[in-house]
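Novice: fold the stuff below for me.
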Amino acid sequence: QVQLVESGGGLVQAGDSLRLSCAASGRTFSNYAMGWFRQAPGKERQFLAGITGPLGTYYASSVKGRFTISRDNAKNMVYLQMNSLKPEDTAVYYCAADSVPWRGPIVDSRDFGYWGQGTQVTVSS
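Specialist: Numbers count the residues shown, from 1 in each chain. Presented below is the predicted three-dimensional model:
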């Protein structure tokens, strides 16, 4: 049974940094794209960053330069380093995994077959 569990969210001030972690279990994810999304109240789920099996990274323009995605395949972990946080970054952040190996970069939430439960990030001004 595949499970994704996010951690690392919390309440921070504008300008602070946070690192989110996603622990994956139930299979080896090294050959699968992983991604981070967020959803603010009343808004659609938004793609933020992705990392493919060969460790290629790609980002939404809104977070490029501030957020960094990485993975540790030996530990089945994915991370999202978030710097220079802004109040508009406040949302529930989700980790997601592709269900198809070696597919390459994907950004559509419908292409990710597995999701974590989310972790809340709140940025105060």
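Novice: CA-only coordinates of stretch 6-18 in CSV, if you can.
Specialist: Extracted as CSV, the C-alpha positions of stretch 6-18 are listed here (Å, rounded to 0.1, in the frame of the first residue of the first chain):
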residue,chain,number,x,y,z
GLU,A,6,4.1,15.2,4.7
SER,A,7,5.7,17.0,7.6
GLY,A,8,7.4,20.3,8.4
GLY,A,9,4.6,22.7,8.0
GLY,A,10,3.8,25.4,10.6
LEU,A,11,3.4,29.1,11.3
VAL,A,12,6.2,31.4,10.2
GLN,A,13,6.7,35.1,9.5
ALA,A,14,7.1,36.7,6.1
GLY,A,15,10.7,36.3,4.9
ASP,A,16,11.3,33.0,6.9
SER,A,17,12.1,29.6,5.5
LEU,A,18,10.6,26.2,5.9
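Novice: what does that stretch contact?
Specialist: 19-23, 81-87, 93-95, 116-125 (C-beta atoms under 8 Å, 6 or more residues apart in numbering). (C-beta placed from N, C-alpha, C; glycine too.)
Novice: need the buried ones from those residues selected in PyMOL.
Specialist: Burial among the contacts of stretch 6-18 is assessed by 16 or more other C-beta atoms under 10 Å; the matching PyMOL selection reads:
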select buried, resi 20+21+22+82+85+93+94+95+116+118+119+121+123
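Novice: surely residue 49 meets residue 36?
Specialist: Yes - using C-beta atoms under 8 Å, residue 49 makes contact with residue 36 at a distance of 5.0 Å.
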